[in-house]
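Engineer: I would like the atomic coordinates for the input below:
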Amino acid sequence: MNRITVRLTALAAAALLLSGCAATAIPAATETPVANANYPVTVENCDTSLTVTAAPERIVSIKSSATELLLALGLGDRIVGSAFLDGPLPESLATEGADLNVISDFLPGQEAVLGLNPDFIYGGWESNFTADGVGERAGLTALGVGNYVSPAACKGDAMPNPLTFDTVFSEITEAGAIFGAKDAAADLVSTLETDLAALEPASNATAVWYSSGTTTPYVGAGIGSPAMIMEAAGLTNIFADVTDTWTSVGWESIIEANPSVIVLVDATWNTAAAKIANLESDPVTQVLDAVKNQRYIILPFAATEAGIRNVEAASSAITQLASFK
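Structural biologist: Model prediction:
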């Protein structure tokens, strides 16, 4: 019995056991990734050592950031299932992802994932890999299922502090090595580096990154993707001194800072329009200059999670800011 047969048999058995008890558009790569060159590959990922002995052929992707990177590397035909997407694919990847098998709009359970007989799971968040989610990393490894978390989402001592574009680009390079798409990864990083260098950041504009919440707003803090995107756009984050990725604050601190603009994250479950309606109807927030003058920068949620669309998000913020009077 060969290695793949053993793996698939183990996965099928596990599934049966569980059933007894879920800036610039990025073009998809056109090359065919090399399937088995330059292996084994060993990386340290969120304090977990990962060794891949051959290019994964049956991948499950969790979160938009992971799915979009795989598509941009030309690996769409290896994705056997995806889940927990944060929004529609960008136009540049829509054709590549036309046949995506979306198994859940949320985090799928281990039974649903193992039923696809994957040999690898790529998650956008470390919290995807839990007993209540797709399974714990050590258990999946024991079943022969490789697993990888976006390094930008690592927690504890492995958390990037702060997150930088170098970290985002390094993930692309690392993914290229893991999945046998080194050339496509190098081309993608080169494109993003060029686009990032071409940005012309704004100046003298302060901003709050408003993700969610009404009574208690949840905002972008000083070391995560919101901070990284705002800095690239030339926006001064009023919560830059908070050592966290996101944080909960009081409206009084936002009103005191009175930012020039408000960056609004647009998600299907928490739209920018709904946040604008709340800002403009609440007497507490009506006093903000950004609200009075409707200086809102709107960015799609999927572009604000650390990934290949962050440069695009910064570029969009610059363009929107330039349109304000």
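Engineer: Quick check: mean pLDDT of stretch 255-269?
Structural biologist: Per-residue pLDDT values across stretch 255-269 average out to 97.
Engineer: Likewise for stretch 225-242?
Structural biologist: Regarding stretch 225-242, the rounded mean pLDDT is 98.
Engineer: starting at the chain centroid, how far to it?
Structural biologist: How far stretch 225-242 lies from its chain's middle: 17 Å, per CA atoms, centre = their mean, to the nearest Å.
Engineer: okay, how far is it across that stretch, tip to tip?
Structural biologist: Distance across stretch 225-242, first residue to last, is 13 Å (CA to CA, to the nearest Å).
Engineer: same thing with stretch 191-210?
Structural biologist: So stretch 191-210: terminal residues 29 Å apart, CA to CA.
Engineer: mind checking how far it is from the chain centre?
Structural biologist: On CA atoms, centre = their mean, the centre of stretch 191-210 falls 18 Å from the chain's centre.
Engineer: and that stretch, which residues are buried?
Structural biologist: Residues of stretch 191-210 classed as buried by neighbour count (16 or more other CB atoms under 10 Å): 191-192, 195-196, 199, 202, 205-210. No exception for glycine: its C-beta is placed from N, CA and C like everyone else's.
Engineer: Show me which of those is closest to Gly144.
Structural biologist: Of all these, Leu192 has the smallest distance to Gly144: 33.2 Å, by CB to CB.
Engineer: show me the contacts for the residue lying closest to Ser150 once chain neighbours are set aside.
Structural biologist: Excluding the flanking residues, the one nearest Ser150 by CB to CB, 6 or more residues apart in numbering is Gly124, at 5.0 Å. With contact set as CB atoms under 8 Å, 6 or more residues apart in numbering, Gly124 has these partners: 62-66, 84, 149-150, 153, 305, 307.
Engineer: Just the residues you listed: which are in strands?
Structural biologist: Among the contacts of Gly124, the subset assigned to strands under DSSP state E consists of 62, 149.
Engineer: Quick check: of the contacts of Gly124, which lies closest to Ser170?
Structural biologist: Using CB to CB, Ser150 is the member of those that sits closest to Ser170, with 11.0 Å.
Engineer: phi, psi of the closest residue in space to Trp251 that isn't next to it in sequence?
Structural biologist: In this structure, Trp251 finds its nearest non-sequential neighbour in Val284, 5.3 Å apart by CB to CB, 6+ apart. Here is the backbone geometry of Val284 (degrees, to the nearest 10): phi -70, psi -40.
Engineer: In this structure Val284 contacts Gly250, no?
Structural biologist: No - if you go by CB atoms under 8 Å, Val284 and Gly250 don't touch, sitting 10.1 Å apart.
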